[in-house]
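Participant: got a predicted structure here, sequence first:
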Amino acid sequence: MRRGFPRDVLETAGKIIDDVRDGGLDAALKYSERLDGEAPREVLIAPRPGGDPSVVGAALEAARSLEALYRKLAPPSAVDYYGGVLRTVVWKPVRRAALYVPARYVSTLVMLAMPAKAAGVEELYVVTPPRGVTWEVLGVAKELGIKAVLALGGAHGLAYAAFHLGVDMLAGPGGLYVQAAKFLLSQYVGIDGIEGPTELVVYAEGVPPETAARGALAQLEHGPTSFAYVLSTDASLLKGVEEVYKREKTSSMGPLETRQVSSVEEAVEFIDTVAPEHLEVWGRRDVAYRVRNVGAVSVNMPSPYLDYVAGISHVLPTGGTARWRGIITPLTFMKAVGIAEAVGEIKLAEAARRLAQYEGFQLHYRALL
């Protein structure tokens, strides 16, 4: 279960947000100099062709993979007639969104831009630290139709996007202060959720320990706040995973814990309790379809395929929020607008008047006469 943000983190992020809201670009640049070691001369940068063609090409291949799935997920409108009222629900995209891309994470740019584009968002901005404005990021941004890259990271970059670019929504992963800033800024703009730190559960049967461990090692590479569990009914497999972890572990990696379960049912119950962003399943594909609380699942392949090219965004719910949130989709960037239109006599009028009377709203009642 998410413990929430430490008070000092919220206070620091809140001060940065207030300062940038009131002080604009000057304040944002001062924080950039202090926190990122650089106050960029050019803050809002137009995407342009360039970068390593192999990197840009790989990113665009990943984009095509996501597009093939996500263009099928934009929801249709719903129309219904009842009691003299024509009801329509229309899905509308937000107009402007800012995508937070950690420095050099060109894959994250793809993972956020493609569902936003499938939703029909008109203006997309990338928010990234100055060192993140690489030719590869600019080149991919150009190909994906990004309006501009904001060379400001952290809470100050997000606050600038919210208050001075006029975006309707912020989305994307990042460190503790980035997510705290998103949480605080959700009072003013929409957010996709809270993403970070990385977490993974692996369920494995009938595979070598190296296979069961490699995806976990990859996710733990994100840093010491990441974590992984490996579950199995096979004690010898788990012992092998522990040996692999001891051999490969570095000081910057998060912890890995193995757990022997008596059955698939016990494993599913444990996974649903953890509600991880990532789940890997080896040897028992049915586990993937039985788990309720998870962001995304890779079956018989390591989770880094999801991070890059499997066609599902790697921006996922963390900290137990997979109990009520799912993966990033076009719906993340859309809202449902309801329209009710009188068509002839409204047959529900008497019910409306009675409810207004009961609740004590006399002007409501009179409006319905």
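Facilitator: Yep, it's here. Predicted model only: the values in this text are computed from it and were never measured. Residues are numbered from 1 along each chain as shown.
Participant: so what's the most centrally placed residue in the chain closest to, chain neighbours aside?
Facilitator: By Cα atoms, centre = their mean, the chain has its centre lying nearest to Val315, at 3.7 Å. With Cβ to Cβ, 6 or more residues apart in numbering as the measure, Ile328 is the residue that lies nearest to Val315, at 4.7 Å, once sequence neighbours are left out. The way it works is simple: take the backbone N, C-alpha and C, and place the C-beta from them, glycine included.
Participant: dump the residue contacts of the one you found.
Facilitator: Taking Cβ atoms under 8 Å, 6 or more residues apart in numbering as the criterion, Ile328 is in contact with 111-112, 115, 171, 192, 313, 315-316.
Participant: among those, which are in strands?
Facilitator: Residues of the contacts of Ile328 located in strands (DSSP state E): Ala171.
Participant: can you select the buried ones from the contacts of Ile328 in PyMOL?
Facilitator: Buried residues within those, as defined by 16 or more other Cβ atoms under 10 Å, are selected in PyMOL through the command that follows:
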select buried, resi 111+112+115+171+192+313+315+316
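Participant: same list (the contacts of Ile328) but as a markdown table, adding pLDDT.
Facilitator: Below are the contacts of Ile328 laid out as a markdown table (pLDDT from 0 to 100):
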| residue | pLDDT |
| --- | --- |
| Met111 | 97 |
| Leu112 | 98 |
| Pro115 | 97 |
| Ala171 | 98 |
| Asp192 | 95 |
| Ser313 | 95 |
| Val315 | 94 |
| Leu316 | 94 |
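Participant: can you tell me how far Glu280 sits from Pro304?
Facilitator: Using Cβ to Cβ, to the nearest Å, one obtains 10 Å as the distance from Glu280 to Pro304.
Participant: mutual contacts of those two, please.
Facilitator: When contacts are counted by Cβ under 8 Å, 6+ apart, the set common to Glu280 and Pro304 consists of Gly215.
Participant: of the two, who's got more company?
Facilitator: Neighbour totals were compared for Glu280 and Pro304, and Glu280 leads with 31 against 18 (other Cβ atoms under 10 Å).
Participant: so what pLDDT did that one get?
Facilitator: pLDDT for Glu280: 97.
Participant: which SSE is it in?
Facilitator: Under the assignment given by DSSP states H and E, the secondary-structure element containing Glu280 is strand 278-282.
Participant: ok, now Leu184?
Facilitator: Here Leu184 sits within helix 176-185, counting by DSSP H and E.
Participant: now that helix - C-alpha only, CSV.
Facilitator: Listed next in CSV are the C-alpha coordinates belonging to helix 176-185 (Å, rounded to 0.1, in the frame of the first residue of the first chain):
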residue,chain,number,x,y,z
LEU,A,176,9.8,11.4,-5.9
TYR,A,177,9.8,15.2,-6.4
VAL,A,178,8.3,14.9,-9.9
GLN,A,179,5.5,12.7,-8.6
ALA,A,180,4.9,14.9,-5.6
ALA,A,181,4.7,17.9,-7.9
LYS,A,182,2.1,16.1,-10.1
PHE,A,183,0.1,15.3,-7.0
LEU,A,184,0.1,18.9,-5.9
LEU,A,185,-0.6,20.3,-9.4
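Participant: state the mean pLDDT of that helix.
Facilitator: Averaging the model's pLDDT scores along helix 176-185 yields 96.
Participant: show me what that helix is packed up against.
Facilitator: helix 7-36, helix 154-164, strand 190-191 (3 or more Cβ pairs under 8 Å, 6 or more residues apart in numbering; DSSP states H and E).
Participant: now tabulate these in JSON lines and tack on mean neighbour count.
Facilitator: As requested, the helices and strands packed on helix 176-185 are arranged in JSON lines below (neighbours: other Cβ atoms under 10 Å):
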{"stretch": "helix 7-36", "mean neighbour count": "17"}
{"stretch": "helix 154-164", "mean neighbour count": "26"}
{"stretch": "strand 190-191", "mean neighbour count": "19"}
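Participant: sorry, back to before: now the helix holding Leu184: buried residues?
Facilitator: 177-185.
Participant: greatest separation within these: which pair is it?
Facilitator: Comparing every pair within the buried residues of helix 176-185 by Cβ to Cβ identifies Tyr177 and Leu185 as the most remote, at 12.1 Å.
Participant: where does this structure have low pLDDT?
Facilitator: Within the chain, the stretches with pLDDT under 70 are 1-3.
Participant: show me where the stretch 51-200 of the chain has its helices.
Facilitator: Remark: helices assigned in the stretch 51-200 of the chain by DSSP state H, counting those that start in this stretch are 53-70, 106-119, 135-143, 154-164, 176-185.
Participant: by how many degrees do the first one and helix 135-143 diverge?
Facilitator: Meaning helix 53-70. Relative orientation of helix 53-70 and helix 135-143, computed by axes from the mean of the first three to the mean of the last three Cα atoms, to 10 degrees: 40 degrees.
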